[in-house]
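*Asks:* give me coordinates for this.
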Amino acid sequence: MALQTVDSFGAVDADTDDLLLDCFQDHEAYKAAREHRKFLIVGRKGSGKTAIFRKIVSESGIGQYCHGHSFSNYPWFHHDKQIKSGVPESECFRYSWEYVILISIAKIIVNDADTPWSEESLEAMTRLEMFLVDTYGSKSPELNGIFLPQTRIKLDPALTKQWGTLPNSISVQQIDVENLPVIIYEVNRSLLNIVMRCLNPSQDYHICFDELDRDFSANDLNYRLRLSGLLIAARDFNKAVRQAGKRMSVIVFLRDDILRYLKFEDKNKIVEDSSTLIEWDKQTTSRSLKDVMSKRFSRVLGIPEHGAWEAVFNEDLQMTGRQSKYQYILDRTFKRPRDVIKFSNEVLRCFKQDSESVEKFQNAHVASAREAHSKYMRKELVDEMQQHFPEEEAAFDLIRTIGSMMFTLRKIDEVYDELRGRGLAVPSVSKTLRELYNFSAIAFLKVGGAGGGSEWVWRYEDTDAEYDERATIFRVHSGLKEVLGLKQGRAFGREEIESSVSSDGLVEDSEENV
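*Replies:* Now for the predicted structure:
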C-alpha cells in the first residue's frame, strides 16, 4: 500500500485507537503487571498507561481472568460516604476500596472462572454467588451500584458467627450500606476468606483501575485520600494473595504528577518496591518509540516490521543540525507514544499535500508538520497543568513575551516587571519557572557538578530531578517554539553566561540543540 492511500497511523487517544491492540508494544511495565511483579503503573499522560490497561483486559480468557474499572461515570458521592472513622486519615478509604476489590474478584469467580478446582472451592463459589445475588440482585453488579443508598448487604450466618459483639442497631444478616463502614473490616475479612478459597493457584487474575485522574483537583483533599486509600488497599490485598500462594494482582494505573501530590505513610516503599515507570528511549528501558511506529507502519502499509521506519521516512538525508528524522521528531516530543503518533500523522498530512511525486517522507514534510504539532503540544500541556497551576496561560504569555528559546533569570524578571507594570496578573517568577519545569515546558541549565561540565535538566527525561531554585539559565521545549512564536536565538548576551558556564556547546542556539 502506498503512503498516499493511508488515512492515519492511529489515534492519539488510546480509547479510540483502533490500531492499539494490533500494534501493542510489550513494554517492561506491561510484563511486570502481567506477571504480578508490580502493581502500580506510573507514567505521564499519554505515556501508554491506558494501552497497557486495555491490553491486559483484552487478554481475559480461560486460565487468565481480568476485570478493568474506569471511572468516567462513577458516583464518588456514594463512595465518599463510606469513610471509615477511627483510622489514620490516609487510610479512611482503604476498607471501602478493599470491598470494591472483593466484589470485583467475586464477579470474576462467579461469572467467568473455570470449574471449581477443589471441593472446598465449589462450596466457597456457591457462597459468593449467593452473596452477590442476595445483596445486589445479580451475579454481576455494576461498579457504580456497589454503594447505592438502597443497597443492603446480606451475609450468610456462617460468615458472621465469629464477629463478636456489634452495635445493637446493626443486624449482621442485613446491613444497610450506610452502616457498612462500622463493620466493613469484618465484612472484608469474611469475603477475603471465601475469595482465597476460590482462587485457582494455577490461574491468573487481575483487577485493574484506570482513569483515576477523572475530575482530578489538586485542592480536593478527599480526592487525594481516595487515591492513597486505593494504593494502600491494593498493596495489602496483593500481599495477602501472595502469602496464600495465589496468582492475582490489583493493578493501579496513575499519572506521575498526581502521585507526587499524595502524602501517606509507606508511600515511598510502595513506589520503590511495587511501582514501574513507563518510559521510552531511555537507558531504563529497551523499548523505543521507533519500534512503536514501526509496528503501526507495518500494519497499515502491509510491510515487514523490521526496517519499517526507514521504509516510510527517508533517513538518507539528515535534518538541519545533522539529525536523523527520528531524533529530530523525538526532540520535539515528551517521548510519549501519543506525541510521535501525532507528529507522524501531521507529516503524513503534509506529504499528501505535496505536489511532488515521492515515495517517502522528506525533510520538508517533517519541517512543515512542526506548526500543527506545536499547537497540539500546547493543548496537551494545558490539559495537564490546569488543575495544578490555573495560571498556566499567564505563564505562557510570560514566555511568549520573552520571545526566545533560551533566556536568563534576569530576562524573565525584566519581562515580569514589564507585564506587572501594565496591570496584568502574572504569577510570581519563582512559581512560574517551577511549574513550567514540573511539566517539562522548560529545562534549567545545571552547571558543574562532581563530573564537571553542564547539562540541561528536563523533568520528562528524569522524573526524580527536582527544580533548582538557584538556576539562572533556561530553555523552552522545542515542541513549543512555533505555538509561542519564539525565535531560535538567546534572550541574553554571551557575557551573561561566560562566568558560570563552560564552553561545552550546551548553550549554543543552533537548531541541533533545540
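
*Asks:* other SSEs contacting the strand or helix carrying Leu191?
*Replies:* Per DSSP states H and E: Leu191 is located in helix 180-198. Secondary-structure packing of helix 180-198 (3 or more Cβ pairs under 8 Å, 6 or more residues apart in numbering; DSSP states H and E): helix 94-111, helix 119-136, helix 157-160, helix 221-243. Glycine gets a C-beta too; all of them are placed from N, C-alpha and C.

*Asks:* could you dump these into a markdown table and include distance to Gln327, mean pLDDT and mean neighbour count?
*Replies:* A markdown table is the format used below for those (distance: least, Cβ to Cβ, whole Å; pLDDT from 0 to 100; neighbours: other Cβ atoms under 10 Å):
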| stretch | distance to Gln327 | mean pLDDT | mean neighbour count |
| --- | --- | --- | --- |
| helix 94-111 | 43 | 95 | 23 |
| helix 119-136 | 54 | 89 | 17 |
| helix 157-160 | 61 | 64 | 14 |
| helix 221-243 | 37 | 95 | 20 |
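
*Asks:* and those helices as a markdown table, adding distance to Leu3?
*Replies:* Output for the helices and strands packed on helix 180-198, formatted as a markdown table (distance: least, Cβ to Cβ, whole Å):
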| stretch | distance to Leu3 |
| --- | --- |
| helix 94-111 | 44 |
| helix 119-136 | 53 |
| helix 157-160 | 63 |
| helix 221-243 | 44 |
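
*Asks:* what's the closest of these to Ser8?
*Replies:* Closest approach to Ser8 among those (Cβ to Cβ): helix 221-243, 34.3 Å.

*Asks:* from the middle of its chain, how far away would that closest one be?
*Replies:* On the basis of Cα atoms, centre = their mean, to the nearest Å, helix 221-243 sits 17 Å off its chain's mean C-alpha point.

*Asks:* what does stretch 381-392 give?
*Replies:* For stretch 381-392 - counting by Cα atoms, centre = their mean - the centre lies 16 Å from the chain centre.

*Asks:* for stretch 179-186, same thing?
*Replies:* Worked out by Cα atoms, centre = their mean, stretch 179-186 lies 32 Å from the chain centre.

*Asks:* export the strand of greatest length in the chain as CSV, just CAs?
*Replies:* Counting residues, the longest strand found in the chain (DSSP state E) is strand 247-255. The C-alpha coordinates for strand 247-255 follow below in CSV (Å, rounded to 0.1, in the frame of the first residue of the first chain):
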residue,chain,number,x,y,z
ARG,A,247,-1.6,-15.5,41.3
MET,A,248,-3.7,-12.5,41.5
SER,A,249,-3.0,-8.7,41.3
VAL,A,250,-4.8,-5.5,41.9
ILE,A,251,-3.2,-3.1,39.4
VAL,A,252,-3.4,0.7,39.6
PHE,A,253,-2.6,3.0,36.7
LEU,A,254,-1.7,6.5,37.8
ARG,A,255,-0.3,9.7,36.4
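
*Asks:* what angle sits between it and helix 221-243?
*Replies:* 150 degrees (axes from the mean of the first three to the mean of the last three Cα atoms, to 10 degrees).

*Asks:* helix, strand or coil for Ser294?
*Replies:* Secondary structure, DSSP: H, G, I helix; E, B strand; the rest coil: Ser294 is helix.

*Asks:* how about the nearest residue to it once chain neighbours are set aside, phi and psi?
*Replies:* Leaving aside its sequence neighbours, Ser294 sits nearest to Ala308 (Cβ to Cβ, 6 or more residues apart in numbering; 4.0 Å). Ala308 adopts backbone torsions of phi -70, psi -40, taken as degrees, to the nearest 10.

*Asks:* got it, and the one 3 residues further on?
*Replies:* Here the main-chain torsion angles of Ala311 (degrees, to the nearest 10) amount to phi -70, psi -20.

*Asks:* which ones are touching it?
*Replies:* 297, 301, 303, 360 (Cβ atoms under 8 Å, 6 or more residues apart in numbering).

*Asks:* try 10 Å
*Replies:* The neighbours of Ala311, taking Cβ atoms under 10 Å, 6 or more residues apart in numbering as the test, are 3, 294, 297-298, 301, 303-304, 359-360.

*Asks:* filter those residues to the buried ones?
*Replies:* Buried by 16 or more other Cβ atoms under 10 Å: 3, 294, 297-298, 301, 360, out of those.

*Asks:* how about the residues you listed in JSON lines, adding distance to Ile183 and secondary structure?
*Replies:* Below are the buried ones among the contacts of Ala311 laid out as JSON lines (distance: Cβ to Cβ, whole Å; DSSP: H, G, I helix; E, B strand; the rest coil):
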{"residue": "Leu3", "distance to Ile183": "64", "secondary structure": "helix"}
{"residue": "Ser294", "distance to Ile183": "55", "secondary structure": "helix"}
{"residue": "Phe297", "distance to Ile183": "57", "secondary structure": "helix"}
{"residue": "Ser298", "distance to Ile183": "56", "secondary structure": "helix"}
{"residue": "Leu301", "distance to Ile183": "60", "secondary structure": "helix"}
{"residue": "Lys360", "distance to Ile183": "67", "secondary structure": "coil"}
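
*Asks:* what about the strands in the stretch 1-150 of the chain?
*Replies:* 40-43, 64-69 (DSSP state E, counting those that start in this stretch).

*Asks:* looking at those strands, which one has the lowest mean pLDDT?
*Replies:* The minimum mean pLDDT among the strands of the stretch 1-150 of the chain belongs to strand 64-69 (a mean of 92).

*Asks:* walk me through the domains of this structure.
*Replies:* If you go by automatic domain parsing, the domain ranges for the chain are 29-277, 284-368, 389-513.

*Asks:* what about Trp456, which helix or strand?
*Replies:* Secondary structure from DSSP H and E places Trp456 in strand 454-457.

*Asks:* what's the spacing between the residue lying closest to Tyr185 once chain neighbours are set aside and Phe474?
*Replies:* Nearest non-adjacent residue to Tyr185, counting by Cβ to Cβ, 6+ apart: Tyr95, 6.1 Å away. Separation of Tyr95 from Phe474 (Cβ to Cβ, to the nearest Å): 46 Å.

*Asks:* point out where the stretch 151-300 of the chain drops to low pLDDT.
*Replies:* Residue ranges of the stretch 151-300 of the chain with pLDDT under 70: 157-173.

*Asks:* quick one: Gly46 from Leu381, how far?
*Replies:* Gly46 is 11 Å from Leu381, by Cβ to Cβ.

*Asks:* brain fart, Ser217
*Replies:* Between Ser217 and Leu381 the distance is 18 Å, computed by Cβ to Cβ.
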